[in-house]
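1. take a look and give me a structure for this.
(chains A and B)
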Amino acid sequence: MTAAIRTLHLTKFYGRHRGIDDVDLTVETGEVFGFLGPNGAGKSTTIKLLIDILRPTRGSASVLGLDPRVSSVELRRRIGYLPGDLALYPKMTGRALCHYFSSIHDVDGMIGIKSAMRADQLAERLHLDLDRRIGELSSGNRQKVGLVQAFMHDPELLILDEPTSGIDPLIQQEFYSLVNETRDRGGTVFLSSHVLPEVEHVADRVALIRDGKIVVVERLSVLKEAAVRSIEVHFARPVDANKFGTLKSVVEVAQSSDQSRMILRVAGDIDKVIKAIAKHKVLNLVSEPGDLEDVFLDYYRDDPRLDEPPEEFSKFDEDLDDSASEDLPVEDLSVEDDGGNRLAGDDQ
Amino acid sequence: MIQSMPVLTETIRDRKISIIWWSIGLVVLAGATAAFVPTIRENNEDFQSLIESIPEGMLTLFGIEDQDIFSPVGLLNSRLYAGIGPVLLAILGIGLGTSAIAGEEEGGTLDLLLAQPITRTNLTLQKFGGSAVIVVSVCIAIAIGLLAFNPLFDLGLAVTNIVAANIALALHGLLFLSLGLTLGAFLGRKGPSVGIAAGLTGVFFFVNGLAPLVDSLEWAQNLSPFHWLQSPNYLGTGFHLGFLLLTTATTAVLLLAGIASFNRRDIGV
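-> Sure, this is the predicted structure:
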């Protein structure tokens, strides 16, 4: 089967500014693919190259087996697109917008009728009033109009740039159902986000992009297993931090000066850590899921191919220190060096 | 047929209110000008001596050239088809043209519109077509107005000539429409496109008025679309195919250039 999306050395420069550099991606038909990266990393640039809004400086892309430059009309007939910086016609109602776009899709009107019915269903599920003018809608509701128009043709491929931004969590669940339904009927979904939680409910695989370059493409389950989470524990009495620092899955330990509070950064198996904590009397425990940068970090830590840390790494270390000091007052902290060294790629 | 051009119909629908206001405005202008005709006719000698006191340069600048300004034809021609009329049509055309692509691009909607199954060429043509319908509608309104004022104020205009003059006026508007559209398609920004188009319009307007006063610049008048509209005196003499074709050809060349540059570039950068 042809891949839904395949890019080869895809590169885009804006003048002398780098947009994306040498991006190789393959998204298989029927999968939900998460495209992750911080803002400005090149996610939208990649997406716009896929639908011929931008033209590549070098390299090529193939979408649904077609060249976006050559077969743009046929290609766009088969995809649904939600732009990241969504702008809609404020004077139109949601319904008028859907009608406008489906009339471009279909000159005979049959698909138009089908799409109109589908748009109504979608609007109902997303709790959106299609009869209000877009200019009067909140940004969350405008985003829903964007989702409706992307899904209404039941496209083979959905390309969604930051789809859930501004949408409240309950509606997000509905969105995830829509994505799953698309996959169930054999469709492909490519969705970008700057935060992992937005895609981790639905994505089969994710690619991480940073500074215009693909850092890693991996099954989400693998990344999640390796993700660093942080556990903040408040003990009743002072506790020796070294007991935790020697545990295999503990990446870093930070402790307050009275030794009663501790932040552990844990990758992978959490069981031994919890059991070690349970040996002491605990007043409070807060666990936070790993964020995107932690996933990057951890991936490198476990990657035996990397003898030297990449350049971005020093930045990550700074970020780590920053995030630790946000949680506890700086003067209370004595950061163990142990974790930092291991992060920098030393053998374990 | 028109249903298969959703961008064209949407362009018109989006502007239906402004079509009405532009039409009213220009018909009122035509009516106000026509209403002067009976008065002027009664006091023809006074006005004639007034005009003889005005320097020739001023007259040229106001579009009064070898014409009897106080005849119905002369007056209407100098107002509607040489003076303010062509400038207003240029403004209408530039406004529509720069909105068509640059306006959508700056508003951020072009991205999503171009993600629909439509080529950039088709999109541009439909945008041009929809805007052209608006320009033509306004000129049809003026023509209808003049046809009504003709007996009312005893203007004595030939119907063919009214039709000819308004076809010429519409084509003049389309030329500036394609100028605005092409600049917008090339630059992707509305502000600079309007600025450049307005600047060019100013140059064309004054070249038409001033070039004849300077011997060495007289040829330059031939480059001004305002000259192409004014010099044949459509209202007095009827159709003048050469100038109509020249205006149409210029419009087509501009439009093709706009499509070519639009097809070649990135959107929204």
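2. up against chain A, what does chain B have?
-> Chain B comes close to chain A at residues B:3-4, B:6-7, B:10, B:14, B:107-109, B:111-112, B:114-119, B:265-269, as judged by Cβ under 8 Å from any Cβ of the partner chain. All C-beta spots, glycine's among them, are computed from the backbone N, C-alpha and C.
3. quick one: residue B:12 and residue B:6, what's the gap?
-> Distance from residue B:12 to residue B:6, counting by Cβ to Cβ, to the nearest Å: 11 Å.
4. which one's more surrounded, the two?
-> residue B:6 (24 against 18; other Cβ atoms under 10 Å in any protein chain shown).
5. for that one, list the residues it contacts.
-> Neighbour list for residue B:6: A:100, A:103, A:104, B:126 [criterion: Cβ atoms under 8 Å, 6 or more residues apart in numbering or on different chains].
6. tell me which residue in the stretch 1-150 of chain B sits closest to chain A.
-> Of all residues in the stretch 1-150 of chain B, the one sitting closest to chain A is residue B:108 (2.9 Å; Cβ to the nearest Cβ).
7. most distant residue from the middle of chain A?
-> Taking Cα atoms, centre = their mean, the residue of chain A most remote from its mean C-alpha position is residue A:237, at 39.8 Å.
8. phi and psi next, for it.
-> In terms of degrees, to the nearest 10, the main-chain angles of residue A:237 are phi -130, psi 160.
9. and the longest helix for chain B?
-> For chain B, the longest helix by residue count, based on DSSP state H, is helix B:120-152.
10. what is the burial count for the residue of the stretch 1-150 of chain B closest to chain A?
-> 14.
11. got the residues of chain A near chain B?
-> Within chain A, the positions near chain B by Cβ under 8 Å from any Cβ are A:14, A:48, A:51-55, A:72-74, A:76-77, A:79, A:81, A:83, A:85-89, A:91, A:100-101, A:103-105, A:107, A:109, A:146, A:149.
12. what subset of those residues is buried?
-> For those, a neighbour count by 16 or more other Cβ atoms under 10 Å in any protein chain shown gives the buried set as A:48, A:51-54, A:72, A:76-77, A:79, A:81, A:83, A:86-89, A:100-101, A:103-105, A:146, A:149.
13. which of those fall in helices?
-> Under the assignment DSSP H, these contribute A:48, A:72, A:76, A:77, A:100, A:101, A:103, A:104, A:105, A:146, A:149 to helices.
14. does the second one touch residue B:122 like I think?
-> So the one you mean is residue A:72. No: assessed by Cβ atoms under 8 Å, residue A:72 is found out of contact with residue B:122, at 10.6 Å.
15. and residue B:177, what element?
-> In this assignment (DSSP states H and E), residue B:177 forms part of helix B:159-187.
16. list the buried residues of the helix or strand just after that helix.
-> Using DSSP H and E, the helix or strand that follows helix B:159-187 in sequence is helix B:190-210. When burial is assessed from 16+ other Cβ under 10 Å, helix B:190-210 yields the following buried residues: B:190, B:193-194, B:196-198, B:200-201, B:204-205, B:207-209.
17. which single residue of the stretch 151-300 of chain A ends up nearest chain B?
-> Nearest to chain B, among the residues of the stretch 151-300 of chain A, is residue A:159, at 8.4 Å (Cβ to the nearest Cβ).
18. packing partners for the helix or strand containing that residue?
-> Element membership of residue A:159, judged by DSSP H and E, is strand A:157-161. Packing partners of strand A:157-161 (3 or more Cβ pairs under 8 Å, 6 or more residues apart in numbering or on different chains; DSSP states H and E): helix A:43-50, strand A:79-82, helix A:139-151, strand A:188-193.
19. and the contacts of the helix or strand just after the last one?
-> As assigned by DSSP H and E, the chain's next helix or strand after strand A:188-193 is helix A:197-200. Judged by Cβ under 8 Å, 6+ apart, the contacts made with helix A:197-200 from elsewhere in the structure are A:34, A:36, A:162, A:163, A:164, A:191, A:193, A:206, A:220, A:224, A:289.
20. try it again with 6 Å
-> Contact partners of helix A:197-200, identified using Cβ atoms under 6 Å, 6 or more residues apart in numbering or on different chains, comprise A:34, A:164, A:191, A:193.
21. could you check how many residues crowd around the nearest residue to the last one once chain neighbours are set aside?
-> Yep, that's residue A:193 we're talking about. Nearest residue to residue A:193 in three dimensions, chain neighbours excluded: residue A:199, at 5.1 Å (Cβ to Cβ, 6 or more residues apart in numbering or on different chains). By other Cβ under 10 Å, the residues close to residue A:199 number 26.
22. likewise for residue B:242?
-> By the measure other Cβ under 10 Å, the count of residues near residue B:242 is 10.
23. give me the secondary structure label for it.
-> helix (DSSP: H, G, I helix; E, B strand; the rest coil).
24. would you list the phi and psi of residue B:265?
-> Main-chain torsions, residue B:265, degrees, to the nearest 10: phi -120, psi 170.
25. got a pLDDT number for it?
-> In the predicted model, residue B:265 carries a pLDDT score of 93.
26. quick check: the gap between it and residue B:219.
-> Applying Cβ to Cβ, the value for residue B:265 to residue B:219 is 35 Å.
27. show me which of the two is the more surrounded one.
-> Between residue B:265 and residue B:219, residue B:265 has the larger neighbour count (other Cβ under 10 Å), namely 14 against 9.
28. what's the helix or strand hosting residue A:266 packed up against?
-> Assigning secondary structure by DSSP H and E places residue A:266 in strand A:261-267. Contact here means 3 or more Cβ pairs under 6 Å, 6 or more residues apart in numbering or on different chains; DSSP states H and E; on that basis strand A:261-267 packs against strand A:228-235, strand A:250-255.
29. if you set the cut-off to 10 Å instead, what comes out?
-> With contacts taken as 3 or more Cβ pairs under 10 Å, 6 or more residues apart in numbering or on different chains; DSSP states H and E, strand A:261-267 sits against strand A:228-235, helix A:242-245, strand A:250-255, helix A:271-278, strand A:282-288, helix A:292-302, helix A:313-327, helix A:337-343.
30. name every strand pairing with it and say which way it goes.
-> Under the criterion DSSP bridges, strand A:261-267 sits next to strand A:228-235 (antiparallel), strand A:250-255 (antiparallel) in its sheet.
31. poorly predicted segments of the chain, please.
-> Defaulting to chain A. In the predicted model, chain A carries pLDDT under 70 at residues A:1, A:107-109, A:226, A:290-348.
32. that answer is for a different chain, and I need it for chain B
-> In chain B, residues with pLDDT under 70: B:1-3, B:60-70.
33. what about the residue positioned nearest the centre of it, distance to residue A:258?
-> Centroid-nearest residue in chain B: residue B:173, 2.7 Å away (criterion: Cα atoms, centre = their mean). Applying Cβ to Cβ, the value for residue B:173 to residue A:258 is 81 Å.
34. are there helices or strands packed against the longest helix of chain B, and which ones?
-> With contacts taken as 3+ Cβ pairs under 10 Å, 6+ apart, helix B:120-152 sits against helix A:94-105, helix B:6-14, helix B:16-42, helix B:72-76, helix B:84-98, helix B:110-114, helix B:159-187, helix B:241-264.
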